[in-house]
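Undergrad: Sequence and computational prediction follow.
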Amino acid sequence: MSELLTVKDVAVVMKIGEDAVTRIFAKLPGVIDLGRAETRYKRQYRVLRIPKTVLEKYLSTKAGHPVRVEVPDRPERRRRSANWQDKAILNLAKAALQNECSDRATFRQIADRARVLTLVPESMWGDVILSGWIDED
């Protein structure tokens, strides 16, 4: 059996929107629809799983030559865990070793700035870091 891809995976490969992927692949043979059919009172939901071979066949017919698809690795999902502090400590220690840092003041500065970043939306972290820090030492 071929690897099953989500609508999001196919959208990334084809560089189009998820709605367009759903429209294109919903009626193709071989595509698995796990969604709910439309009834008189409820709208239809589509949850598609698209076999890699179906995607390759579709792209091959559009391109006019054989196409091989490489799906990029999915990013690791982050979940809450009981030992998140231990993981954070290990990551900080690893970064310190890689950068040959053993200065206590540097660790304190990292902790303080990380605390400040928790007060800012994650989408703005780059702007905060690029603009410089208010309390420069």
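TA: Now that the structure is in, tell me what you want to look at.

Undergrad: and K42, what pLDDT?
TA: Per-residue pLDDT puts K42 at 86.

Undergrad: Next: G132.
TA: pLDDT, read off for G132, is 72.

Undergrad: same deal with L28?
TA: 92.

Undergrad: next helix or strand past the helix or strand containing A11?
TA: Secondary structure from DSSP states H and E places A11 in helix 7-14. Moving toward the C-terminus from helix 7-14, the first helix or strand encountered (DSSP H and E) is helix 18-25.

Undergrad: mind checking how far A95 is from C101?
TA: 8 Å (Cβ to Cβ, to the nearest Å). C-betas here are computed from N, CA, C, even on glycine.

Undergrad: Give me the more crowded residue out of those two.
TA: A count of neighbours by other Cβ atoms under 10 Å puts C101 above the other of A95 and C101, at 14 against 11.

Undergrad: For that one, which three-state class applies?
TA: Secondary structure, DSSP: H, G, I helix; E, B strand; the rest coil: C101 is coil.

Undergrad: can you pull the contacts of it?
TA: A95, F107 (Cβ atoms under 8 Å, 6 or more residues apart in numbering).

Undergrad: quick one: it from K94, how far?
TA: 11 Å.

Undergrad: How about V67?
TA: 40 Å.

Undergrad: Look at the two and report which has more neighbours.
TA: Set side by side, V67 and K94 show more neighbours around V67, with 14 against 10, by other Cβ under 10 Å.
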